[in-house]
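1. Based on what follows, work out the 3D shape:
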Amino acid sequence: MISLHESPIYSTTGTKRFLDFLRLGEARSLECKLLQVANVSFAYDKHLVLNDVSFELASGGLLGILGPNGSGKTTLLRLLGGLLCPTTGQVVLDGSDLDSIPKAGLAKRMAMVPQETYLAFDYSVLEVALMGRYPHLQTFEVEGPEDVELARAALTETGTADLEQRSFMTLSGGEKQRVVIASALAQFGRRAADAGRRPSEVLLLDEPTASLDLGYQLDIASTIRRLNKDRSTAVVVSTHDLNFATSVCDYVVLLRQGCVLAAGPIHEILRPDTVKDLYDVDAVVEQHAVAGHLTITPLARRATDAPDGHR
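-> Take a look at the predicted model:
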């Protein structure tokens, strides 16, 4: 559960009405504070993109970072993955500042799936999955039978084993996303059956359903939920698609102009008033009787002075 002085965080101004640390994922009876974001701010040159962001994710949690285009979602995800360093504040993994963890060690526990993947050469699907084994190899070492076995196991977990010999460039967008997720699983270096035997892992996904049709969106949502359940993988998803988030996430952090607007359990946080303040849109928010999760139906956009302007 999230402890927020007995109530969800909410601020219509998007300033500092939020708790320093939000306990995310404890509903699964997992007490480990896997990932902590403490008063993080970030600026590109002098342009402030994130302002005093704090939250906490437990091992096995499933968190959505939601916000309009330019709200700072991708920047926050890059900070969580150690690709950027905070201007101020800390990102902590299992009690260690991310900056203090060797990159190879961090890569064995944390993997990021970008919105789109571009390759310079025409690799096979298996070769793309094997790219995830790079942090486990010594200089000039080539992949061995165990690496191939782990890559194939990851392809199986993502439902792409039958594509093993296909050219990555010939795949559809949804197939490519699942193959790149498989590469991330190979990067962790363990199978689903090994869950609990190694340190907890974190999978970061940036807009995983962008440009995908409804069928592939469902495939990606199903893959994320299954990996989270079967492997106890902590998952952080950035998206502007509220209906995708409600189908996948247990908890959310809402970003607006680089600040936390609201945070907590998704069924408590996503309401007509929070949707309006996040997207400047009037919407109906209701529990779908068949889907079993919240659905958001936008009705009308209200006038705004200017776009957010954050990356």
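2. Helix or strand with the lowest mean pLDDT in this protein?
-> Each helix and strand of the chain was given a mean pLDDT (mean pLDDT, DSSP states H and E); the minimum falls on strand 9-10 at a mean of 36.
3. longest helix of the chain?
-> What stands out as the longest helix in the chain, according to DSSP state H, is helix 214-231.
4. Just the buried residues of that helix, please?
-> Neighbour counts over helix 214-231 (16 or more other C-beta atoms under 10 Å) mark 216-217, 219-221, 223-224, 227-228, 231 as buried. C-beta: built from backbone N, CA, C; applies to glycine.
5. now what about it, what contacts it?
-> Residues outside helix 214-231 that contact it (C-beta atoms under 8 Å, 6 or more residues apart in numbering): 60, 62, 157-159, 172-175, 177-178, 181, 185, 192, 195, 201, 203, 205, 208-209, 212, 233-235, 237, 244, 247-248.
6. any idea how far it is from the chain center?
-> Helix 214-231 sits 13 Å away from the centroid of its parent chain (C-alpha atoms, centre = their mean, to the nearest Å).
7. Could you pull up the residues touching residue 244?
-> Per C-beta under 8 Å, 6+ apart, neighbours of residue 244: 209, 217, 221.
8. cool, and residue 81?
-> By C-beta under 8 Å, 6+ apart, residue 81 lies in contact with 110, 112, 204.
9. With residue 92 instead?
-> By C-beta under 8 Å, 6+ apart, the contact list for residue 92 reads 35-38, 98.
10. at 7 Å what do you get?
-> Residue 92 makes contact with 36, 38, 98, according to C-beta atoms under 7 Å, 6 or more residues apart in numbering.
11. Burial check on the last one, number of neighbours?
-> Spelled out, it's residue 98. 22 (other C-beta atoms under 10 Å).
12. In this structure it contacts residue 80, no?
-> No - counting by C-beta atoms under 7 Å, residue 80 is not a contact partner of residue 98; they are 8.2 Å apart.
13. Next, show the common contact partners of the two.
-> With C-beta under 7 Å, 6+ apart, residue 98 and residue 80 have common neighbours residue 91.
14. circling back: kindly indicate which of the contacts of residue 92 lies nearest residue 130.
-> Among the contacts of residue 92, residue 98 lies closest to residue 130 (C-beta to C-beta), at 26.1 Å.
15. how much space is there between the closest one and residue 89?
-> 11 Å (C-beta to C-beta, to the nearest Å).
16. Which helix or which strand is home to residue 41?
-> Per DSSP states H and E: residue 41 is located in strand 33-44.
17. Could you list the paired strands of that strand along with their orientation?
-> Paired with strand 33-44 in the same sheet, following DSSP bridges, are strand 47-58 (antiparallel), strand 88-93 (antiparallel).
18. which other residues reach it?
-> In contact with strand 33-44 (C-beta under 7 Å, 6+ apart) are residues 20-21, 48-59, 75, 79-80, 84, 86-94, 200, 202, 234.
19. same thing with stretch 124-140?
-> Stretch 124-140 has contacts (C-beta under 7 Å, 6+ apart) with 104, 107-108, 143, 147-148, 150-151, 154-155, 160, 163-168, 179, 182-184, 186-187, 189.
20. got it, and stretch 102-114?
-> Under the contact criterion C-beta under 7 Å, 6+ apart, stretch 102-114 has outside partners 77, 81-82, 98, 135-136, 180-181, 184, 187-189, 199, 201-206, 208.
21. Just those: which are in strands?
-> Counting by DSSP state E, the contacts of stretch 102-114 place 202-206 in strands.
22. Looking at those, state which has the most neighbours.
-> Each of the ones in strands among the contacts of stretch 102-114 was scored by neighbour count (other C-beta under 10 Å); the top score is that of residue 205, with 27 neighbours.
23. where exactly do the helices run in this structure?
-> Counting by DSSP H, the helices of the chain are 73-80, 103-107, 125-130, 145-157, 173-188, 214-231, 242-248, 266-269, 272-279.
24. what packs against the shortest one?
-> Which is helix 266-269. Contact here means 3 or more C-beta pairs under 7 Å, 6 or more residues apart in numbering; DSSP states H and E; on that basis helix 266-269 packs against strand 251-256.
25. same deal with the fourth one?
-> Contact here means 3+ C-beta pairs under 7 Å, 6+ apart; on that basis helix 145-157 packs against helix 125-130, helix 173-188.
26. Bridge partners for residue 91, pull those for me.
-> Legend: beta-bridge partners of residue 91 under DSSP bridges are residue 37.
27. wouldn't it be in contact with residue 83 here?
-> No - look at residue 91 against residue 83 with C-beta under 7 Å: they stay out of range, at 10.9 Å.
28. okay, these two: which has more neighbours?
-> residue 91 (21 against 12).
29. check contacts around the more buried one.
-> With contact set as C-beta under 7 Å, 6+ apart, residue 91 has these partners: 37, 40, 79-80, 98.
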